[in-house]
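Asks: Got a sequence here, can you model it:
(one chain, ligands or ions: 1)
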Amino acid sequence: MTGRSPILACEGIERRFGGLVAVTGVDMHISHGEIFGLVGPNGSGKTTLTNAITGFYPPNKGRVLLDGTDITGMPPHRIAAQGVARTFQNLALFNGLTVLDNILLGRHVHMRPSVFRTALYWWLSKPEEIAHREAAEEIIEFLQLQGIRNELVDGIPMGLKKRVELARALVSEPRLLILDEPMAGMNQEEKEYMARFILDARDERGVSVLLIEHHMDVIVGVCDRMLALNYGEMIGMGVPKDVVADPRVVEAYIGG
Ligand code: ADP
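Replies: Okay, the predicted model is just below:
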């Protein structure tokens, strides 16, 4: 291959659950600095493809390459350590902890290997802890979370919780950021803020993004290219304005 490898390449990905083929024949790549959308009706295989990439459910067939390195079948924590961060459709924040502490937990991929590395991060040596705190404070400023940094996440509105999740993913300084419906449940203003932060993360921090989203307007506004799935198969890939006009994609959405 000439030039730089894509940050992510999926080659012939298939994942089955028993007799059910959840995803099959997925070939796609994400270039460095690209925001790449993944759409499809419920049950079309978006989460399964994401799980195949991140190691939660490794593919039964095909290969996943991260910046040219084969990561197929690696356990999720090793893939995370390679620079793949992920947010979840259902929030995965820790209630009872502050916004700052939730964001600090995102630094665990940079912490020294130890049995307690995720849970007992405060046992770290002082200089290391300072570096983690500085990284967290920098992200808090980037995502304009200063006003709620010491509040418990339990009580903050949904739109801000999603932003804290983004902060926790970004603080790990990922090369590839996977966002699973980051705008679900948001009002129009919150959606616009989130779209801006995703674009800024790419433009200012050089992060490449895989954005799973149900809303086509979001994808069209933010993504450089996109892939549409239906029943686990690719039904459209390319620039958003072409994909959303593709009769197969229109049909899948109207039918779905
Ligand atoms: P989407 O994220 O697009 O809504 P999913 O990837 O969650 O779609 O699901 C694709 C298909 O795979 C669905 O038919 C779903 O029921 C099935 N599926 C997903 N995960 C599992 C699992 N862990 N076990 C069995 N079936 C699953």
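Asks: Mind jotting down where the helices sit in this structure?
Replies: Using DSSP state H, the helices of the chain run over 46-54, 76-81, 99-105, 126-142, 158-170, 188-205, 216-222, 240-245, 247-255.
Asks: could these go into a markdown table alongside mean pLDDT and distance to the ligand?
Replies: Where you see a C-beta, it was placed from the backbone N, CA and C, and this is true even at glycine. Shown next, in a markdown table, are the helices of the chain (pLDDT from 0 to 100; distance: least, Cβ to the nearest ligand atom, whole Å):
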| stretch | mean pLDDT | distance to the ligand |
| --- | --- | --- |
| helix 46-54 | 96 | 3 |
| helix 76-81 | 93 | 14 |
| helix 99-105 | 92 | 25 |
| helix 126-142 | 87 | 27 |
| helix 158-170 | 93 | 18 |
| helix 188-205 | 94 | 19 |
| helix 216-222 | 88 | 14 |
| helix 240-245 | 93 | 16 |
| helix 247-255 | 84 | 11 |
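Asks: Out of those, which gets nearest to Phe88?
Replies: Closest approach to Phe88 among those (Cβ to Cβ): helix 158-170, 7.5 Å.
Asks: Which elements pack onto that closest one?
Replies: Judged by 3 or more Cβ pairs under 8 Å, 6 or more residues apart in numbering; DSSP states H and E, helix 158-170 is in contact with strand 84-87, helix 99-105, helix 126-142, strand 176-180, helix 188-205.
Asks: so which of these gets nearest Glu165?
Replies: Proximity to Glu165 (Cβ to Cβ) singles out strand 84-87 among the helices and strands packed on helix 158-170, at 4.5 Å.
Asks: Tell me the strands beside that closest one, with direction?
Replies: Taking DSSP bridges as the criterion, strand 84-87 sits next to strand 176-180 (parallel) in its sheet.
Asks: who's in contact with the partner strand?
Replies: For strand 176-180, contacts defined as Cβ atoms under 8 Å, 6 or more residues apart in numbering pick out 7-8, 30, 46-47, 50, 53-54, 66, 83-89, 166, 169-170, 198, 201, 207-212.
Asks: what's the answer for stretch 78-96, then?
Replies: With Cβ under 8 Å, 6+ apart, stretch 78-96 has contacts from 47, 50, 53-55, 66, 69, 71, 74, 101-102, 105-106, 109, 152-154, 161-162, 164-166, 168-170, 172-182, 184, 212.
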